[in-house]
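Novice: Sequence first, predicted model second:
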Amino acid sequence: MNYDFDTPAPRAGSGAIKWDLRGSAFGSPEALPFWIADSDYMSPPELVDALCDAVRRCVFGYNDPSPAYRQAVANWVETRHGWKIDTDWILPATGVVSEIANIVRAFTAPGDKILIQTPVYDPFAGVVKAAGRTVVENRLVRGEGLRYTMDLEDLERDLRSGVKLMILCSPHNPVGRVWTPEEVRSVAELCERHGTLLVSDEIHWDLIMPGHRHFTAGLAGTPDNLIVLTAPSKTFNVAGLKCSNAIIPGAAVREKLSAWQREYHIETPNDLGLVACEAAYRNCAAWCDRQNEYLAGNAALVREYLSENLPEVRVAPLEGTYLMWLDTSASGVGSRELCLAMNAAGAILNDGWRYGDDAFVRLNIACPRSQLAKGLEAVVKGYRSAKSAGK
Ligand SMILES: Cc1ncc(COP(=O)(O)O)c(C=O)c1O
């Protein structure tokens, strides 16, 4: 089947944060948006059909994740990620960040240390601080060609100092790494050695560029010490349907989180979220593969366009996710100021400052290629104007 990623989804005016907050959040209501992490082409037709069938049943009462739902998740985890799980290890939830917030509260106490690997998706630190826990930063190492690696010695030192929980971002937003089996095993082993609960956020685990392979922490961690968080939301563009899955092999960890969710009446996903997730994992593997090829084409466009038109901006290699990490340090201008100039020129990106590196900006490439091409012109224009104004 031919899938269409070239036709823009009609998002402006639909309530989409990415489009409809361009004016209020950035003062640029006409600029093209390349910020918040969702996609600007349509979800897989097989998934949309399943949702339409569910809507036509015309009843939306209380629902529980069905055995068929659980089996679809387990089959996906095994066929795509090589991890054989029991269906009762799956704890469905309404989102990954809210689940991290629950986990932080359920497994740690105020003041406890929680480790993140920066620069990283900013809600990690936000959730930790909001819960009154202490953020410990294990900074990633920027290597040759902007490929990042982990500083495992520093990680071990930190963990030894009594870190209770580590949030691994795998694949990593925003640096674009797909961690190797060796890297994931090292993290899991260090967490086990130091009694640190490993929470592996693998929301981007199906967004993998050709030549790379995701290695889930599920294949490396010890059951008593591990929570893997996944969702169909990024891959199939269903973030608004609020459905994620925690996969927890250890009975004690699972029971502790379940008990917390019961105590605070934390709901299972909404009915249509469950329908979408089951349909995605049952019927949309081919769409997922085509999307990865399309994204690889978009990433190539970014590299080619910038190397021709703005070679001083270097691009981190994209191994996974649809978020590209651009080194704008040669501008001499901080990322917030640079983003303002790009907004004015017609493209909204995320400043790197929020992730912990002011010398970078983040570009979301999950959109039709024509939109990306227009956006790149605005990126170059905004960069040049910020740089000359900064002189
Ligand atoms: C690493 C990571 N985790 C979680 C989320 C958000 O997940 P959710 O919408 O399920 O809370 C994002 C969204 O960009 C993300 O990049």
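Specialist: It's in.
Novice: Does L91 belong to a helix, a strand or coil?
Specialist: strand (DSSP: H, G, I helix; E, B strand; the rest coil).
Novice: Please report how far it lies from the ligand.
Specialist: 14 Å (C-beta to the nearest ligand atom, to the nearest Å). Where you see a C-beta, it was placed from the backbone N, CA and C, and this is true even at glycine.
Novice: This structure - how does it break down into domains?
Specialist: 17-43+286-386, 47-283 (automatic domain parsing).
Novice: Let me have those domains in TSV, extended by mean pLDDT and mean neighbour count.
Specialist: Compiled in TSV, the domains of the chain are given as follows (pLDDT from 0 to 100; neighbours: other C-beta atoms under 10 Å):
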stretch	mean pLDDT	mean neighbour count
domain 17-43+286-386	97	20
domain 47-283	97	19
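Novice: Any chance of those in JSON lines with distance to P10 as columns?
Specialist: Conversion of the domains of the chain to JSON lines gives the following (distance: least, C-beta to C-beta, whole Å):
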{"stretch": "domain 17-43+286-386", "distance to P10": "9"}
{"stretch": "domain 47-283", "distance to P10": "13"}
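Novice: Contacts only, for the spatially closest residue to F60 that is not a sequence neighbour.
Specialist: Distance criterion C-beta to C-beta, 6 or more residues apart in numbering; nearest residue to F60, sequence neighbours excluded, is D271 at 5.9 Å. Each residue near D271 by C-beta atoms under 8 Å, 6 or more residues apart in numbering is listed here: 54, 60, 63.
Novice: From the ligand, how far out is the first one?
Specialist: According to C-beta to the nearest ligand atom, A54 and the ligand sit 21 Å apart.
Novice: how much space between the nearest residue to A347 once chain neighbours are set aside and the ligand?
Specialist: In this structure, A347 finds its nearest non-sequential neighbour in A378, 3.7 Å apart by C-beta to C-beta, 6+ apart. Separation of A378 from the ligand (C-beta to the nearest ligand atom): 22 Å.
Novice: for the contacts of D271, which one is nearest V333?
Specialist: A54 (48.9 Å; C-beta to C-beta).
Novice: Is the closest one inside a helix or a strand, and which specific one?
Specialist: With secondary structure defined by DSSP states H and E, A54 is part of helix 45-56.
Novice: Counting by contacts, list what that helix packs against.
Specialist: Helix 45-56 is packed against helix 271-283, helix 285-309, with contacts defined by 3 or more C-beta pairs under 8 Å, 6 or more residues apart in numbering; DSSP states H and E.
Novice: How far away from the center of its chain is the shortest one?
Specialist: Taking the mean C-alpha point of helix 271-283 and that of its whole chain, the gap between them comes to 19 Å (C-alpha atoms, centre = their mean, to the nearest Å).
Novice: how much does it deviate in direction from helix 285-309?
Specialist: 90 degrees (axes from the mean of the first three to the mean of the last three C-alpha atoms, to 10 degrees).
Novice: So which residues make contact with the helix or strand hosting V128?
Specialist: Following DSSP H and E, one finds V128 within helix 123-130. Helix 123-130 is contacted from outside by 97, 100-101, 104, 114, 116, 134-135, 167, 169, 201, using C-beta under 8 Å, 6+ apart.
Novice: Is there proximity between it and the ligand?
Specialist: No: for a cut-off given as C-beta under 6 Å from any ligand atom, helix 123-130 has no contacts with the ligand; the smallest distance is 6.8 Å.
Novice: what's downstream of that helix, the next helix or strand?
Specialist: strand 134-137.
Novice: Paired strands for the helix or strand just after that following strand, with orientation please.
Specialist: Once the chain leaves strand 134-137, the next helix or strand it forms, by DSSP H and E, is strand 141-142. Sheet pairing of strand 141-142 (DSSP bridges) gives strand 148-149 (antiparallel).
Novice: following the partner strand, which helix or strand shows up next?
Specialist: helix 152-160.
Novice: Give me the helices and strands touching that following helix, please.
Specialist: Using 3+ C-beta pairs under 8 Å, 6+ apart: helix 152-160 touches strand 113-116, helix 181-193.
Novice: The ones you listed: which one's closest to V275?
Specialist: helix 181-193 (31.6 Å).
Novice: what's that closest one packed up against?
Specialist: Helix 181-193 packs on helix 152-160, strand 163-169, strand 197-201, going by 3+ C-beta pairs under 8 Å, 6+ apart.
Novice: re earlier: please confirm that the residue nearest to A347 is located within a helix.
Specialist: Yes: the assignment for A378 is a helix, going by three-state DSSP.
Novice: Contacts only, for it.
Specialist: 31-32, 342, 345-347.
Novice: what sits opposite N364 in the beta ladder?
Specialist: N364 has these beta-bridge partners by DSSP bridges: L323.
Novice: For the residue in the stretch 151-300 of the chain positioned nearest to the ligand, list the residues it contacts.
Specialist: Among all residues of the stretch 151-300 of the chain, N173 sits closest to the ligand, at 4.0 Å; criterion: C-beta to the nearest ligand atom. Neighbouring residues of N173 by C-beta under 8 Å, 6+ apart: 37, 120-121, 204, 321, 323.
Novice: Same question for A12.
Specialist: 19-20.
Novice: can you check I208 too?
Specialist: I208 sits next to 171, 178, 214, 292, 319-320 when contact means C-beta under 8 Å, 6+ apart.
Novice: For the nearest residue to it once chain neighbours are set aside, give me the backbone phi and psi.
Specialist: Closest residue in space to I208, ignoring its immediate chain neighbours: G320 at 4.8 Å, by C-beta to C-beta, 6+ apart. Main-chain torsions, G320, degrees, to the nearest 10: phi -160, psi 170.
Novice: I'd say G320 and G211 touch.
Specialist: No: when contacts are counted by C-beta atoms under 8 Å, G320 is not listed as touching G211 (10.8 Å).
Novice: picking up where we left off before, where's the nearest residue to the residue of the stretch 151-300 of the chain closest to the ligand once chain neighbours are set aside, which helix or strand?
Specialist: Nearest non-adjacent residue to N173, counting by C-beta to C-beta, 6+ apart: Y121, 4.6 Å away. Assigned by DSSP H and E, Y121 falls within no helix or strand.
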